[in-house]
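# Okay, here's the prediction I keep looking at, along with the sequence it came from:
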Amino acid sequence: MPTATANKPVHALVGSDSFLQLQKLALILDRAPKGSQRIDIDGERADLAEVLDELRSFAMFGDGKVVVVQNADAFLTRFREQLEEYVAHPSDSATLVLRLSSLPSNQRIYKAIAKTGQIEPCEPPKDLAKWITEQAKQAHQVTISPDAARMLADLIGDDMGRLDNELAKLALSATNGKIDPENVATSVAFQREQQMSEMTNALAAGRAADAVKKWRQLIQGDPSAEFRAVTWLAIWLTNVRKALAMRKQGMQPFAIAQALRIWPREMQGPFFETAQALGDRGVARAMDLLAEIDRQSKSGVGDAAENVERFILSMALT
């Protein structure tokens, strides 16, 4: 991850990859003044006044605010002109982050954000092996050989969250800080990845008790999983939100499942049933809770693994 510098007043995280958006968001939060207050708002339900009030009011704690508008495409469509006016004269005590699936460069709002803020592309790179090499060095402090990087890209594809999870696991067992093709070929990480996938699949099927069981098995075999679980769960919830939006646009479940890589096939039906049961409001509440649990874990409030388990159990009550 790049060296932290001062934030721009407005950031647009644009692209289809949830992991890259979360990675960019983490950097923005790291750059924010110490103790800054993070505010998460669902763009599909948010009112313009609510967002502007948060941006222009003083933070109750800390020296600033980071206002994150999730699913901001709908929000931008409804309040385009007003947002153009705000971006031209943004607050000097808050950072606005818009998480967008797309933002055409010929639109005025794109040019306005580029002038006073920052456009952050969040699409998988064409050269995956190069990204893997850089991510291994910057995020995990290990060196991966070109052959190993290509092997990993071939095995996993352009799912950036899965690639990063695999690198994190490989880094733990790397000899002398180096990952070679043999490490990739013999790694048990794929088994752990499958277990994490089974946990989120159980959640998608509405089986919270099974999800907790799988989570406890995963932690027992791989204690480091507690540090990656929030990313996995955030990606899952983002996929649920995307699936709901795609259904509203008239896409068929099979096409959505292909676009979001929901697998195995038998999990697609339960996934859509759970997405429908949660709805936009349920997803928004779950995202808020997950953000709070992540904050608590990083602040030393409670045990990280127990915090994740508490979130999983809460899904049964959502």
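That came through, no problem. Numbering: from 1, shown residues only.

# Just give me the neighbour total for Ala185.
Around Ala185 there are 10 other residues, counting by other C-beta atoms under 10 Å. (Each C-beta comes from the backbone N, C-alpha and C, glycine too.)

# Might you report the residue contacts of it?
By C-beta atoms under 8 Å, 6 or more residues apart in numbering, Ala185 lies in contact with Met151.

# Need the phi and psi values for it.
Dihedral pair for Ala185: phi -70, psi -30, per degrees, to the nearest 10.

# repeat for Glu120
Torsion angles, degrees, to the nearest 10, at Glu120: phi -110, psi 100.

# Start the count at 751 instead of 1 going forward.
Happy to do that; since the first residue is 751 now, the last one works out to Glu870.

# Check the gap between it and Gln1002 for me.
The gap separating Glu870 from Gln1002 is 31 Å, by C-beta to C-beta, to the nearest Å.

# Compare the two (neighbour count), which wins?
Comparing Glu870 with Gln1002 by other C-beta under 10 Å, the one with more neighbours is Glu870, at 22 against 10.

# wait, isn't the more buried one in contact with Val764?
Yes. Counting by C-beta atoms under 8 Å, Glu870 touches Val764, with 6.7 Å between them.

# if I pick the closest residue in space to Asp1044 that isn't next to it in sequence, what's in contact with it?
Distances taken as C-beta to C-beta, 6 or more residues apart in numbering place Val980 nearest to Asp1044, at 4.6 Å, with adjacent residues excluded. Going by C-beta under 8 Å, 6+ apart, Val980 touches Leu1040, Ile1043, Asp1044, Ser1047, Val1058.

# And the third one, what's its pLDDT?
This means Asp1044. For Asp1044, the pLDDT comes out at 86.

# That one: how many residues sit nearby?
19.

# For it, give its distance to Arg849.
Distance, Asp1044 to Arg849, by C-beta to C-beta: 16 Å.

# Do a quick rundown of the helices in the stretch 951-1068 of the chain.
Taking DSSP state H, counting those that start in this stretch as the test, the helices found in the stretch 951-1068 of the chain are 958-971, 979-998, 1003-1010, 1018-1048, 1054-1065.

# for the ones you listed, which one sits closest to Ser786?
Among the helices of the stretch 951-1068 of the chain, helix 1018-1048 comes nearest to Ser786, with 11.8 Å by C-beta to C-beta.

# quick check: angle from the closest one to helix 1003-1010?
Calculated by axes from the mean of the first three to the mean of the last three C-alpha atoms, to 10 degrees, helix 1018-1048 forms an angle of 40 degrees with helix 1003-1010.

# Out of the helices of the stretch 951-1068 of the chain, which is the most enclosed?
Among the helices of the stretch 951-1068 of the chain, helix 979-998 has the highest mean neighbour count (mean count of other C-beta atoms under 10 Å), at a mean of 21.

# Outline the domain layout of this structure.
Segmentation of the chain into domains, based on automatic domain parsing, reads 760-871, 878-937, 942-1065.

# which two in the contacts of Val980 are spaced the farthest apart?
Pairwise distances across the contacts of Val980 (C-beta to C-beta) peak at 10.6 Å, for the pair Leu1040 and Ser1047.

# count of residues packed around Gly1050?
A count of neighbours around Gly1050, defined by other C-beta under 10 Å, yields 8.

# Could you report the pLDDT at it?
82.

# same thing with Gln970?
83.

# Which SSE is immediately downstream of the helix or strand where Asp904 lies?
Taking DSSP states H and E as the criterion, Asp904 maps to helix 896-906. From helix 896-906 onward toward the C-terminus, using DSSP H and E, the following helix or strand is helix 910-923.

# which helices and strands does that next one pack with?
Applying 3 or more C-beta pairs under 8 Å, 6 or more residues apart in numbering; DSSP states H and E, one finds that helix 910-923 makes contact with helix 768-781, helix 878-890, helix 896-906, strand 928-929, helix 931-936, helix 939-954, helix 979-998.

# Give the buried residues for it.
Using 16 or more other C-beta atoms under 10 Å as the test for burial, helix 910-923 gives Met910, Gly911, Arg912, Leu913, Asp914, Asn915, Glu916, Leu917, Ala918, Lys919, Leu920, Ala921.

# ok so, going back, with Tyr860 as the reference, name the closest of the helices of the stretch 951-1068 of the chain.
Closest among the helices of the stretch 951-1068 of the chain, using C-beta to C-beta: helix 979-998, at 20.6 Å.
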